[in-house]
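Student: predicted model, plus sequence, below.
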Amino acid sequence: MIVQAKPRSLSVKARRLRREGYVPGVIYGPQVEAPVHVAIREPDLEDLFKHITRSTTLEVQVEGGETYHVFLKDIQVDPITDRFLHVDFYVPEPGRKLVLLVPVKLVGTAPGVKEGGVLEHVHEYIEVEGLPRRIPPYFEVDISNLGLDDTIVIGDLEWDDELRPLHPLDDPIVTVLAPKAVKLEVAAGEAQEAGEAAPEGEEAAEEGEAKG
């Protein structure tokens, strides 16, 4: 995706930029000689964030300057107004691996859910290490063949020397729990809560015996 930016002079205060409808930002990385300060139209950023993830490769075109291939590094948001305050873009080295969190996007409808099972999305993000050109904006996982007690694990995705997960390959991404398994989990949770409350009851009984 392409982001249009204009050069920003540090003599122009960030508050003034925001009043004019721009968000201050910076572009940096090991192959960028000095940080490049930019300003981006706020509506452009708002639209951008509707379509990207942290692992989406972006192309920032600086007016009158260079074009940078970047990842979103950081975004500061006003906690009261939810308006963007500042954005950081990182320019990676093409041949050097990065560690990023890549979101998982589930597609399709699991037949096991129609049979009464419960879909459990265990890994909503997968931490990966890979070359910048190999890191996807998200992993698409098709669950249209997932029946009761079926599981898709991290090892079911495609990996190679240029992109590898930083999780065990047998870690589940998504599973369909059968109704019995769901009931057992609920029962186990209730038993644990009762066990945690037991000491209080025992203490009360001991106090009563002591008074007697």
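Tutor: Cool, the structure landed. Numbers count the residues shown, from 1 in each chain.

Student: for the rest of this, base every contact and every neighbour count on C-alpha atoms.
Tutor: Will do.

Student: show me the chain divided up by domain.
Tutor: 2-90, 98-177 (automatic domain parsing).

Student: is it possible to get JSON lines of these that adds mean pLDDT?
Tutor: What follows is those, written out as JSON lines (pLDDT from 0 to 100):
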{"stretch": "domain 2-90", "mean pLDDT": "93"}
{"stretch": "domain 98-177", "mean pLDDT": "96"}
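
Student: kindly reformat those domains as a markdown table containing mean neighbour count.
Tutor: Shown next, in a markdown table, are those (neighbours: other CA atoms under 10 Å):
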| stretch | mean neighbour count |
| --- | --- |
| domain 2-90 | 15 |
| domain 98-177 | 17 |
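
Student: how about the helices in this structure?
Tutor: Along the chain, the segments classed as helices by DSSP state H run 14-19, 42-48, 111-114, 179-211.

Student: could you find the closest non-adjacent residue to residue 162?
Tutor: Nearest residue to residue 162, sequence neighbours excluded (CA to CA, 6 or more residues apart in numbering): residue 130, at 5.2 Å.

Student: give me the beta-bridge partners of that neighbour?
Tutor: Bridge pairing for residue 130 (DSSP bridges) gives the partners residue 98, residue 163.

Student: do you know the pLDDT at residue 200?
Tutor: Residue 200 carries a pLDDT value of 56.

Student: cool, the one 5 residues further on as well?
Tutor: At residue 205 the predicted local distance difference test score is 47.

Student: what of residue 182?
Tutor: 57.

Student: got it, and residue 189?
Tutor: Among the per-residue scores, residue 189 holds a pLDDT of 62.

Student: oh, and call the first residue 702 from now on, that's how I've got it
Tutor: Okay, residue one is now 702; in that scheme the one you just asked about reads as residue 890.

Student: what's the first-to-last distance across stretch 749-769?
Tutor: With CA to CA, to the nearest Å as the measure, stretch 749-769 spans 16 Å from end to end.

Student: for stretch 714-731, that is, sorry about that
Tutor: Separation of the first and last residues of stretch 714-731 by CA to CA is 27 Å.

Student: what does it contact?
Tutor: 709, 735-744, 785-794 (CA atoms under 8 Å, 6 or more residues apart in numbering).
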